[in-house]
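Engineer: Starting from these lines, generate the structure:
(one chain, ligands or ions: 1)
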Amino acid sequence: VTEIWRNARLATMNGGEPYGLIDDGAIAVRGGAIAWVGESTALPADYARDAVVHDCAGRCITPGLIDCHTHVVYAGDRSREFTARLSGSSYAEIARAGGGILATVRATRAASDADLRAQTDARVRDLCACGVTTLEAKSGYGLDRQTELRTLRLARELESRHRLRIRTTYLGLHALEPQWKSAGEYVTYVCDEVLPAVVAERLADAVDAFCEPIAFSPEECERYFERARGLGLPAKIHADQLSRSGGTELGARLRMLSVDHLECAANDDYEALAGTGVVAVLLPGAYYYLRRSKPPSVANLRRLQIPFAVATDCNPGTSPIVSPLLAMNLACTLFGLTPEEALRGFTLNAARALGLAGTLGTLAPGRKADFVIWETEHPDSLAATIGINPGATVIFACRPRAANA
Ligand SMILES: [Zn+2]
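Structural biologist: Have a look, this model is predicted:
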């Protein structure tokens, strides 16, 4: 059976026009995939025969949003760190007082599966209500083998309870617990004990590491990434977020899927990315929440034609955001993106950052029929508000999904 959505303003994210806009457009869907996209008047007659037709009354349709960087699976509450930071405590002081990533690790290990599911589901429901149809979810709050495998299994499972596509990432090098004699010893544990188990259960689609003096060095990260590559897993990296620590250069050299954050990257790092196809992922939520002052260089990204995505970075300590629309707004106001670039960052370029550009991220024949009908006439309005969801009817693989499903 064919379904047609017509009388819609389509932001196809294809072609040379901003948004790839088609003012009076139609989408024909067959078998969960987009079969035809174009102006309503050009729809071939054989699609219309026996089709179920939906009139969109001029509303705007975009591809389903893709949040390509989240830490959505965790337990616990770190709101008191927010209060402490506002009264002047540094990241290091908060960590010494028992806060930071290791606080979430303790809460996640202590939570039952049911608790972890319930806390995660609440966040995923909010993301879905804002139009997310594909979600990347990292581990990294387990650290030990048992809890890392458990969180990755829970992340995979989200697909069975929510109507969305999940891509899981094993964030093996996130933080170092004090019982390890050295970071190198922990990297060896991750490479020999955890990575092979993750691969054996097919629990991850990629690996990630936090490359920063307070976390892991480029050399330690590279040893882990080489091991992952040997096991068939592509890489992403938290790069140059708090200091210029070499992550972007490493990501370019190893041809990773993406390098994420880049707030402290230098001109040379952007030059290294140029022409590699590695996607720069911008995370304005963390920049805002940590009240950072040096944004990534969007001028360099544009000049060197480096594809860039935007993501929520949803996590308990530095970016507790569950709205892709708010992340788009922050990317515009704080980093200087255009609303069109921000939406590209949550569609086509986010698909690239997950290695899915062939199947998701644009409204085009052959792509999965994941799209959002917004209660608005123009896609600029998605990034133009703060904390307002204009209302989204999410079509997932052709079937409508209630906004709160
Ligand atoms: Zn992150």
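Engineer: name the element A209 belongs to?
Structural biologist: Using DSSP states H and E, the element containing A209 is strand 206-211.
Engineer: Go through that strand and flag the buried ones.
Structural biologist: For strand 206-211, burial by neighbour count (16 or more other CB atoms under 10 Å) applies to A206, V207, D208, A209, F210, C211. Quick note: C-beta positions are derived from backbone N, CA and C, even for glycine.
Engineer: Surely the fourth one is in contact with Y224, unless I've mixed up the numbering?
Structural biologist: Same thing as A209. Yes: A209 is in contact with Y224 according to CB atoms under 8 Å; the separation is 6.0 Å.
Engineer: quick one: common contacting residues for these two?
Structural biologist: Common neighbours of A209 and Y224 (criterion: CB atoms under 8 Å, 6 or more residues apart in numbering): G172, L173, F216.
Engineer: Enumerate every residue touching the closest residue to the second one other than its chain neighbours.
Structural biologist: Pointing back at L173 there. Leaving aside its sequence neighbours, L173 sits nearest to A209 (CB to CB, 6 or more residues apart in numbering; 3.8 Å). A209 sits next to L171, G172, L173, H174, A215, F216, C221, Y224, F225, A235, I237, H238 when contact means CB under 8 Å, 6+ apart.
Engineer: Repeat that for L21.
Structural biologist: R9, L10, A11, T12, P379.
Engineer: and if you look at G172?
Structural biologist: S139, G140, E148, V190, V194, L195, V207, D208, A209, Y224.
Engineer: Now, these that are in strands?
Structural biologist: Those of the contacts of G172 mapping onto strands are V207, D208, A209, per DSSP state E.
Engineer: The first one contacts G232, correct?
Structural biologist: No: using CB under 8 Å, V207 is not in contact with G232; the gap is 10.5 Å.
Engineer: ok, the residue nearest to the spatial centre of the chain to L283 distance?
Structural biologist: Centroid-nearest residue in the chain: C68, 1.8 Å away (criterion: CA atoms, centre = their mean). According to CB to CB, to the nearest Å, C68 stands 10 Å off from L283.
Engineer: same question, L135
Structural biologist: For L135 relative to L283 (CB to CB), the value is 15 Å.
Engineer: And the helices in the stretch 301-405 of the chain?
Structural biologist: 324-335, 339-345, 348-353, 380-383 (DSSP state H, counting those that start in this stretch).
Engineer: Identify all contacting residues around the second one.
Structural biologist: Think helix 339-345. Contacts of helix 339-345 (CB under 8 Å, 6+ apart): 11, 13, 18-19, 62, 282, 308-311, 327-329, 331-332, 337, 379-380, 382-384.
Engineer: Centre of the chain to that helix, how far?
Structural biologist: 14 Å (CA atoms, centre = their mean, to the nearest Å).
Engineer: Could you tell me the average pLDDT over that helix, please?
Structural biologist: Summarised as a single mean, pLDDT over helix 339-345 is 98.
Engineer: can you check the first one too?
Structural biologist: Across helix 324-335, the average pLDDT comes to 98.
Engineer: What of the shortest one?
Structural biologist: Per-residue pLDDT over helix 380-383 has a mean of 97.
Engineer: That helix: how far from the chain's middle?
Structural biologist: That offset, for helix 380-383, works out to 19 Å (CA atoms, centre = their mean).
Engineer: And stretch 1-19, by the same measure?
Structural biologist: On CA atoms, centre = their mean, the centre of stretch 1-19 falls 23 Å from the chain's centre.
Engineer: Show me which residues of that stretch are buried.
Structural biologist: Buried residues in stretch 1-19 (16+ other CB under 10 Å): 2-6, 8-14, 18-19.
Engineer: Now, those that are in helices?
Structural biologist: In helices, defined here by DSSP state H, there are no members of these.
Engineer: what stretches of this structure score poorly on pLDDT?
Structural biologist: By pLDDT under 70, the low-scoring segments of the chain are 399-405.
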